[in-house]
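*Asks:* here is a sequence together with a model predicted from it:
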Amino acid sequence: MNRKTLAAAFPHTIPVLMGYLSIGIVYGWMMSAAGFVPLWTALASVTVFAGSGQILGVDLLSRAAPLADIAFLTLVLNFRHLVYGLSMLEKFHDVKGLRKLYLIFSLTDETYALLSGVRPPEGVDAHDFYFTVSLLDHLYWIAGSVTGAVAGSLITINTEGIDFAMTALFLVIATEQWLSAERHLPALLGLGGTLLPLLLLGPDGAGFLIPALVILVGGLLLLRPVLEKPRRLEGGEGL
Amino acid sequence: MTTTQIAVSIAVMAAVTFLTRALPFLLFDRGAQPPKVIHYLGEYLPPAVMAMLVVYCYRSMTFDAAANWAPGVIAGITVVLLHIWKRNNMLSIVGGTILYMVLVQAVF
C-alpha cells in the first residue's frame, strides 16, 4: 500500500467510516454493558469483523450459549456472504497469497458494496486498491467498537435495555429488505416458519431455530417455481 | 463464563464467519459454475433469515404482564416506523434503543 493508493481509496470509504464508527460504538457499549472488558471487544472486532454477527455474539456470549448454537446462528446469519463471495470470484481471482485471504476475510456487507461499485482510478494497482479499502474499513470497525467498549466501561449510567440494539438492528435490516424487495413471500415465510416451531417447542435453548431453518430452506425450495416466475408486466401486486 | 469459554466462543464466531466468506472461493475459484439453486437461495434466504432473527429476538416475550411485552413491542414498532420515514439506519437503531431503555427503566 502506498500514499497514492491510500489517497485514491480513502474518499470512497468515508460513508463506511461514518457507519462503522457509530454502529461500532453501539456494539462496544453493548459488550461492556454485558460485562465483557474492552479487550474482548477488540479481539472480536479484529478476528470476526462482522457487524450484525458480533452484535448477535453479545447475546450468545452473555447467555453462555453452547458452541453448537454459536456456530449455527453465525452460519445462518452470515449465509448472505456466500453470495458476496460468488460475485467477487472474478475480481479476486488473480490476487495472490495472504492478501487474497485477507480480502476474503474482510468481505463485510459494506466492503462488498464498495468493492463491487467502485473502479480503481488509472495508475493505481487494482489489488492494492481493494486491499486498502478492506483494511481501512476493518480499522474503522476496530476503532469504533473499542471506543464504545472503553466509553461503556468508564461511563456508569444505567444501561438496562441496551441489548435491544440487536433487535433494532435486525428490524432495520428486515424493514430495509422489505422496502426494496419485489417479493415479500420469503420474509413472510421466515416469520411464519419461525413462529410455528417457537410456539410448539418454546423458547428454551433456542432449539426451535433448527426446525425453523429446515422449514425456511424447504419452503423456499418448494416455492422456487413461484418465486422464479417472471412477474406479469401489467404490474399487479406480486408477492 | 471463564476466560477460555469466551475466547473459544469468539474463535468459533470468527471461524464460521470466515468459512461463509471463503466457501465460494474454495468451491468455485477454479472455474466451476455455481449451481443456480445457490443463487436462488442467496437471493431469497436472507430476508427469510432476517425475519427468523427478529422472532428470535422476541422469543422470550410473554403476555402475562405489560412489562413483559409492551416495551419491546412499542420500541419495535417505533424502529420500523422511524425507518420507513427516514431510511436512516443509525437514527432507527439508536432512537429505538433509547426509547426501549427509557421504557424498561422508567415507565414499566
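*Replies:* Noted; the coordinates are in hand.
*Asks:* CA only for contacts and neighbour counts going forward, please
*Replies:* Noted.
*Asks:* and stretch A:38-46, what's buried?
*Replies:* Within stretch A:38-46, the residues that count as buried by 16 or more other C-alpha atoms under 10 Å in any protein chain shown are A:38, A:40-46.
*Asks:* if we look at chain B, which of the residues you listed are close to it?
*Replies:* A:40, A:44 (C-alpha under 8 Å from any C-alpha of the partner chain).
*Asks:* save the buried residues of stretch A:38-46 as JSON lines, and put in distance to B:Gly76 too.
*Replies:* Below are those laid out as JSON lines (distance: C-alpha to C-alpha, whole Å):
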{"residue": "A:Pro38", "distance to B:Gly76": "29"}
{"residue": "A:Trp40", "distance to B:Gly76": "29"}
{"residue": "A:Thr41", "distance to B:Gly76": "26"}
{"residue": "A:Ala42", "distance to B:Gly76": "29"}
{"residue": "A:Leu43", "distance to B:Gly76": "31"}
{"residue": "A:Ala44", "distance to B:Gly76": "27"}
{"residue": "A:Ser45", "distance to B:Gly76": "27"}
{"residue": "A:Val46", "distance to B:Gly76": "31"}
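*Asks:* among the buried residues of stretch A:38-46, which one sits closest to A:Ala68?
*Replies:* Ranked by distance to A:Ala68 (C-alpha to C-alpha), the buried residues of stretch A:38-46 are led by A:Ala44 at 18.1 Å.
*Asks:* contact partners for the closest one?
*Replies:* A:54, B:10, B:14 (C-alpha atoms under 8 Å, 6 or more residues apart in numbering or on different chains).
*Asks:* show me the contacts for A:Leu115.
*Replies:* Neighbours of A:Leu115 in contact, by C-alpha under 8 Å, 6+ apart: A:130, A:133.
*Asks:* which pLDDT value belongs to it?
*Replies:* At A:Leu115, the model reports a pLDDT of 89.
*Asks:* tell me how far the helix or strand that it is a member of lies from the chain's centre.
*Replies:* Counting by DSSP states H and E, the element that carries A:Leu115 is helix A:109-117. Relative to the chain's own centre, helix A:109-117 is displaced by 12 Å; criterion: C-alpha atoms, centre = their mean, to the nearest Å.
*Asks:* starting from that helix, tell me the next helix or strand along the chain.
*Replies:* helix A:126-154.
*Asks:* got the buried residues for that next one?
*Replies:* For helix A:126-154, by 16+ other C-alpha under 10 Å, it's A:126-153.
*Asks:* go on, stretch B:20-36?
*Replies:* For stretch B:20-36, using 16+ other C-alpha under 10 Å, the buried residues are B:20-25, B:29.
*Asks:* out of the residues you listed, which are close to chain A?
*Replies:* B:20-25, B:29.
*Asks:* just send the residues you listed back as TSV, with secondary structure too.
*Replies:* TSV is the format used below for these (DSSP: H, G, I helix; E, B strand; the rest coil):
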residue	secondary structure
B:Thr20	helix
B:Arg21	helix
B:Ala22	helix
B:Leu23	helix
B:Pro24	helix
B:Phe25	helix
B:Asp29	coil
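*Asks:* now the two most distant members of these.
*Replies:* B:Thr20 and B:Asp29 (14.6 Å).
*Asks:* need the three-state assignment for residue 32.
*Replies:* With no chain named, the answer covers chain A. Going by three-state DSSP: A:Ser32 is helix.
*Asks:* I was after chain B.
*Replies:* coil.
*Asks:* can you read off the pLDDT for it?
*Replies:* In this model, B:Ala32 carries a pLDDT of 77.
*Asks:* and the next helix or strand past the least confident helix or strand in chain A by mean pLDDT?
*Replies:* None of the helices or strands of chain A scores lower by mean pLDDT, DSSP states H and E than helix A:80-88, at a mean of 83. Moving toward the C-terminus from helix A:80-88, the next helix or strand (DSSP H and E) is helix A:97-105.
*Asks:* and the buried residues of stretch A:38-46, which is closest to B:Pro71?
*Replies:* A:Thr41 (27.7 Å).
*Asks:* next, give phi and psi for the closest one.
*Replies:* The phi and psi values for A:Thr41, taken as degrees, to the nearest 10, are phi -60, psi -50.
*Asks:* that one reaches A:Gly148, doesn't it?
*Replies:* No: between A:Thr41 and A:Gly148 there is no contact under C-alpha atoms under 8 Å: 9.2 Å.
*Asks:* give me the common contacts of those two.
*Replies:* Shared contacts of A:Thr41 and A:Gly148, counting by C-alpha under 8 Å, 6+ apart, come down to A:Gly28.
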